[in-house]
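# build me a structure from this.
(2 chains)
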Number of protein chains: 2
Amino acid sequence: MSDTQTRVVVTEVGMRDGLQSIVRTMPTEFKRRWIDAAYAAGVRHMEVASFVPAKLLPQMADAEEVIAHALSYDDLIVTALVPNLKGAQRALESGVHRIVAPISVSTAHSLANVRKTPVEMIESFAAMRELIDSTASANARRVELIAGLSTVFGCTLQGAVPYADIAATARAALQAGADVIALGDTTGEATPRQVGEIIELVREVAGSKLRSLHFHDTRGLGLANTLIALQHGIREFDASLAGIGGCPHAPGATGNVNTEDLVFMLDSMGYDTGIDLARLIASRDVLADALPGEPLYGYLARAGLPKQFSTAAQCFEPSESQVLQ
Amino acid sequence: MSDTQTRVVVTEVGMRDGLQSIVRTMPTEFKRRWIDAAYAAGVRHMEVASFVPAKLLPQMADAEEVIAHALSYDDLIVTALVPNLKGAQRALESGVHRIVAPISVSTAHSLANVRKTPVEMIESFAAMRELIDSTASANARRVELIAGLSTVFGCTLQGAVPYADIAATARAALQAGADVIALGDTTGEATPRQVGEIIELVREVAGSKLRSLHFHDTRGLGLANTLIALQHGIREFDASLAGIGGCPHAPGATGNVNTEDLVFMLDSMGYDTGIDLARLIASRDVLADALPGEPLYGYLARAGLPKQFSTAAQCFEPSESQVLQ
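Residues are numbered from 1 along each chain as shown, chains lettered A, B, ... in the order given. Next up is the predicted model:
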């Protein structure tokens, strides 16, 4: 790390997005261990739970407990996903720093995911904004409200998602009071050229409020898409340890972009993530212990770091053994 | 496909690079079927064999037969890999269009791979050039001699490979008569920023003779690296159906960039490969039949094409169901 390196924020979302697709409930004790291990590896942004009814998603029944543990680290930014006003109320009470609400651009996905049309979800989002503002005290830090635009890059129910719908949804979310716009490749359909186009499109609407990208690696393009997003100025990405999770609408598909592989790519390019790769890879042990038999993905954990890997550029001096002129 | 699309050449190298790492010998009949299936899918560039002693690599003992079959297609460009002058002689007699000779930038790898130092390999390469020129007749098309620079992006034996060595090796290969310079990430260590730097470095030496890139996907960066190479003007890539193969120096690592996933990315970005994705995916059946139990890799074959996938950009019209303003 040096002062001249560009900082990139990697948010570990495996505890939320990864686990929500896994039927087996991870005991709270393991979620605590996971947070501890990620923190020890240098991860300072985690989305650790969602506030949904426990009967719908037993995996998240311990949201308050998990968040309380995450908040025991002073410099850890803690995010929760919230689909409705009741969830937002619980999230506020839990003390999270960031609330992300999923707003699907696709009507079909929105109805399937939150039983609301995009318009109804925007209304709910505006109510979350009011709730946050009305409960904010002068002394406390303000909770950040993130509009997590979903199915931005395609929808398995609807098919292609028109660009005009993306722009309209971003605009509506901002009018409803979003602090931040995040773009989600919910179904793993994003492709590189499209990623660049959509970032520019949303930036026209949202300016610097467009902040983070959330890719799934369903078709192997997660890191290629990340690369394009980096080139378009994005400096914040979601990822999931061991790439756990998956998309219920794409059987056999893997989950989010793999945190280890993402950090490896960022390191290799000289970006500063603050994350120690060896410790991050070691933290996979928590998942192996907690979810025996669950597939753990990732290239780097299998192949290892290249010999003499460092973020420093290769030297420009010829090697002693090289005598070609 | 349209006239306005940029053409990108995808060379299927699975029959050579993929198979050479697989101990079980694929019967010639299946290699013929593979070539047929790839051709039917629109693949017009294939590296189908290497000319190495059969006792060292029984998998390639049928090189002449396989090449003869490939040459039965008039518009198929057929390449063979050749490590020495004797191999070049056999390759010339077989009638291939392109000969690629591996020239390692790393001395340690060169000795391990071809039992020659880089300097000795350059001498051998110059002798291949002479042989090709001396056997060329005025009527026949000229066989293209490609210097396949190996371990350009790192070496599992040597570690980092100095940039000065890469430039010196490229220069020496050109002086020895290379028609084309290809860069190979032999050990799957390439990373995006480095790929861009090395392309620019070699282009300073080789100009337009720097033509193709050969990536392995050992650390999940194969497509991200390809993306950078595209941005730096490269329009020719090697790939392997179902990503078969591997690197003997990286146990558990996958082989070349997966052809299907590569073509999917290129299609999505509007490049014209001439390859039909559905037929390409179907051609994996040949591998499943020929190599039962062998792992077949690839995201696209598992997840399928996105709904309504097309190379056309998303429409800019809002959908009827969208009413956000």
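
# mind pulling up the pLDDT for the residue of the stretch 1-150 of chain A found nearest chain B?
Nearest to chain B in the stretch 1-150 of chain A, going by CB to the nearest CB, is A:Thr107, at a distance of 4.2 Å. Yep, even glycine has a C-beta here, placed from its N, CA and C like the rest. In this model, A:Thr107 is scored at 92, pLDDT.

# surely it meets A:Arg115?
No. Using CB atoms under 8 Å, A:Thr107 is not in contact with A:Arg115; the gap is 11.8 Å.

# between the two, which one's more packed in?
For A:Thr107 and A:Arg115, the more surrounded residue by other CB atoms under 10 Å in any protein chain shown is A:Thr107, and the numbers stand at 23 against 11.

# need the pLDDT of the residue lying closest to A:Ser212 once chain neighbours are set aside.
Leaving aside its sequence neighbours, A:Ser212 sits nearest to A:Glu236 (CB to CB, 6 or more residues apart in numbering or on different chains; 3.7 Å). On pLDDT, A:Glu236 comes in at 98.

# now stretch A:134-148: mean pLDDT?
Here the average pLDDT along stretch A:134-148 is 86.

# which parts of chain A are strands?
A:9-12, A:45-50, A:77-81, A:98-104, A:144-150, A:180-184, A:210-214, A:236-239 (DSSP state E).

# for the closest residue to A:Gly220 other than its chain neighbours, grab the count of nearby residues.
Excluding its sequence neighbours, the residue lying closest to A:Gly220 (CB to CB, 6+ apart) is B:Tyr299, at 3.5 Å. Residues near B:Tyr299, counting by other CB under 10 Å, number 23.

# try A:Asn256
34.

# read off the pLDDT value for it.
A:Asn256 is given a pLDDT of 93.

# ok, A:Ala312 next?
39.

# cool, A:Asp217 as well?
92.

# so what's it up against?
Residues in contact with A:Asp217 (CB atoms under 8 Å, 6 or more residues apart in numbering or on different chains) are A:188, A:223, A:243, A:254-258, A:297, B:299.

# closest one of these to B:Ala101?
Nearest to B:Ala101, judged by CB to CB, of the contacts of A:Asp217 is A:Leu223 at 31.6 Å.

# tell me the spacing between the closest one and chain B.
4 Å (CB to the nearest CB, to the nearest Å).

# now do A:Gly177
Counting by CB to the nearest CB - A:Gly177 and chain B are separated by 15 Å.

# CA atoms only: put stretch A:220-229 into PDB for me.
In PDB, the C-alpha atoms belonging to stretch A:220-229 read as follows (Å, rounded to 0.1, in the frame of the first residue of the first chain):
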ATOM      1  CA  GLY A 220     -17.700 -16.000 -16.400                       C
ATOM      2  CA  LEU A 221     -17.700 -12.200 -17.100                       C
ATOM      3  CA  GLY A 222     -17.700 -10.900 -13.500                       C
ATOM      4  CA  LEU A 223     -14.100  -9.800 -13.600                       C
ATOM      5  CA  ALA A 224     -14.200  -8.500 -17.200                       C
ATOM      6  CA  ASN A 225     -17.300  -6.500 -16.200                       C
ATOM      7  CA  THR A 226     -15.500  -5.200 -13.100                       C
ATOM      8  CA  LEU A 227     -12.600  -4.100 -15.300                       C
ATOM      9  CA  ILE A 228     -14.800  -2.000 -17.500                       C
ATOM     10  CA  ALA A 229     -16.500  -0.500 -14.500                       C
END
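
# now it: average pLDDT?
Mean predicted confidence for stretch A:220-229 is 97.

# low-confidence ranges, the stretch 1-150 of chain A, go.
Within the stretch 1-150 of chain A, the ranges that satisfy pLDDT under 70 run A:1-4, A:138-139.

# close to chain B: what parts of it are there?
Counting by CB under 8 Å from any CB of the partner chain, the stretch 1-150 of chain A comes close to chain B at A:105, A:107-108, A:118-119, A:122.

# again, only this time at 10 Å
Contact residues, the stretch 1-150 of chain A versus chain B (CB under 10 Å from any CB of the partner chain): A:103, A:105-108, A:110-111, A:117-119, A:122.

# how about the residues you listed, which pair is most distant?
Maximum distance among the residues of the stretch 1-150 of chain A next to chain B (CB to CB): 16.5 Å, for A:Ala108 and A:Ile122.

# neighbour count for those two, which is higher?
A:Ile122 (21 against 17).

# ok, A:His97 - contacts?
When contacts are counted by CB atoms under 10 Å, 6 or more residues apart in numbering or on different chains, A:His97 touches A:45, A:70-71, A:76-80, A:141-144.

# just the residues of the stretch 1-150 of chain A next to chain B: which are in helices?
Judged by DSSP state H, helices contain the following of the residues of the stretch 1-150 of chain A next to chain B: A:107-108, A:110-111, A:118-119, A:122.

# wait, the residue of the stretch 1-150 of chain A closest to chain B sits on A:Val119?
Yes. Between A:Thr107 and A:Val119 there is a contact under CB atoms under 10 Å: 8.9 Å.

# may I have stretch A:99-107 as PDB, with CA atoms only?
The C-alpha trace of stretch A:99-107 is given here as PDB (Å, rounded to 0.1, in the frame of the first residue of the first chain):
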ATOM      1  CA  ILE A  99     -29.400   0.500   4.200                       C
ATOM      2  CA  VAL A 100     -29.700  -0.800   0.700                       C
ATOM      3  CA  ALA A 101     -33.200  -1.300  -0.800                       C
ATOM      4  CA  PRO A 102     -33.600  -3.400  -4.000                       C
ATOM      5  CA  ILE A 103     -35.500  -1.500  -6.700                       C
ATOM      6  CA  SER A 104     -36.000  -3.700  -9.800                       C
ATOM      7  CA  VAL A 105     -35.900  -2.100 -13.100                       C
ATOM      8  CA  SER A 106     -37.900  -5.100 -14.500                       C
ATOM      9  CA  THR A 107     -41.500  -5.100 -13.400                       C
END
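
# report the buried residues of that stretch.
For stretch A:99-107, a neighbour-count test (16 or more other CB atoms under 10 Å in any protein chain shown) marks A:99-107 as buried.

# against A:His109, how distant is the closest residue to A:Ala176 other than its chain neighbours?
What sits nearest to A:Ala176 in space, not counting adjacent residues and going by CB to CB, 6+ apart, is A:Ala126, at 3.9 Å. A:Ala126 sits 20 Å away from A:His109, going by CB to CB, to the nearest Å.

# the two: which is more packed in?
Each of A:Ala126 and A:His109 has its neighbours counted (other CB under 10 Å); A:His109 has more, 22 against 17.

# before we move on, back to that, mind listing what the residue nearest to A:Ser212 touches?
A:Glu236 sits in contact with A:7-11, A:45, A:180, A:182, A:211-214, A:229, where contact means CB under 10 Å, 6+ apart.

# filter the residues you listed to the buried ones?
Of the contacts of A:Glu236, these count as buried by 16+ other CB under 10 Å: A:8-11, A:45, A:180, A:182, A:211-214, A:229.

# alright, I will stop here.
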